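Student: this one's structure only:
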């Protein structure tokens, strides 16, 4: 999102744009990030690493949940992860489908899955069907598909709340450290103005 409180900015000389490093310390597609690192890591060449299925789900969900869009690079990243799965990918796709159901991610990642299945990836039919949104999930999936087709700032703010409604309160009444980093203060007046600032940001044209 614009003006992320988690972004570190280093000014550049003259009229060059600043260098921005946006640190995502939470994974919005699951409720408790630390749990994933308790049981989702496995040995890799450089030490412990996130298992491929969870890495794929993060790569597929992150662009829409954090940025409200899907770019070609995002699809390329997901493709590379899937193609690196051993044994033809059958166990990989089974794990992706199972975990997507557990995390409630089917509506979130379906636009990505749909685009990948029409491209270079051969997703097994059973797993493709298991990944397809069902019931009320289809309503959520329609919003994520709309964002994947064309970015809009209101959707960028809405999609995380659709996935996890608790984010609405977190948006409106963030923690003190967020207010200090974003606004330089955490006064009552700033907290009262926060909802108006959110609405202004959500409906501002890019």
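Tutor: That came through fine. Quantities reported herein were computed from a predicted structural model and do not represent experimental measurements.

Student: in the protein, which helix or strand is least confident?
Tutor: strand 7-10 (a mean of 66; mean pLDDT, DSSP states H and E).

Student: apart from its neighbours in sequence, what residue is nearest residue 110?
Tutor: In this structure, residue 110 finds its nearest non-sequential neighbour in residue 141, 4.8 Å apart by C-beta to C-beta, 6 or more residues apart in numbering. C-beta here means a position set from N, CA and C on the backbone, and glycine is covered the same way.

Student: does the one you found sit in a helix or strand, and which one?
Tutor: Using DSSP states H and E, residue 141 maps to helix 137-149.

Student: may I see the buried residues of that helix?
Tutor: Residues 137, 140, 141, 143, 144, 145, 147, 148 are the ones in helix 137-149 that count as buried (16 or more other C-beta atoms under 10 Å).

Student: what's in contact with that helix?
Tutor: 64, 68-70, 106-108, 110-112, 114-115, 133, 152, 155-156, 158-159, 162-163 (C-beta atoms under 8 Å, 6 or more residues apart in numbering).

Student: and the residue nearest the centre of the chain, how far from residue 97?
Tutor: Centroid check for the chain by C-alpha atoms, centre = their mean gives residue 62 as the closest residue, at 2.2 Å. Applying C-beta to C-beta, to the nearest Å, the value for residue 62 to residue 97 is 19 Å.

Student: residue 43 - that's part of a helix, no?
Tutor: No - Residue 43 is assigned strand when assessed by DSSP: H, G, I helix; E, B strand; the rest coil, not a helix.

Student: spatially nearest residue to it, not counting backbone neighbours?
Tutor: Closest to residue 43 by C-beta to C-beta, 6+ apart is residue 49, at 7.7 Å.

Student: so that neighbour, which of the three states?
Tutor: Classified using three-state DSSP, residue 49 is strand.

Student: quick one, helices of the protein?
Tutor: Ranges of helices in the chain, per DSSP state H, are 33-39, 52-67, 72-83, 90-103, 106-117, 125-131, 137-149, 153-163, 167-172, 176-183, 188-202.

Student: quick one: low-confidence ranges for the protein?
Tutor: 1-9, 20-39, 202, 204-206 (pLDDT under 70).

Student: burial count for residue 53?
Tutor: Applying other C-beta atoms under 10 Å, we find 22 residues neighbouring residue 53.

Student: now it: how far from residue 164?
Tutor: In this view, residue 53 and residue 164 are 20 Å apart by C-beta to C-beta.
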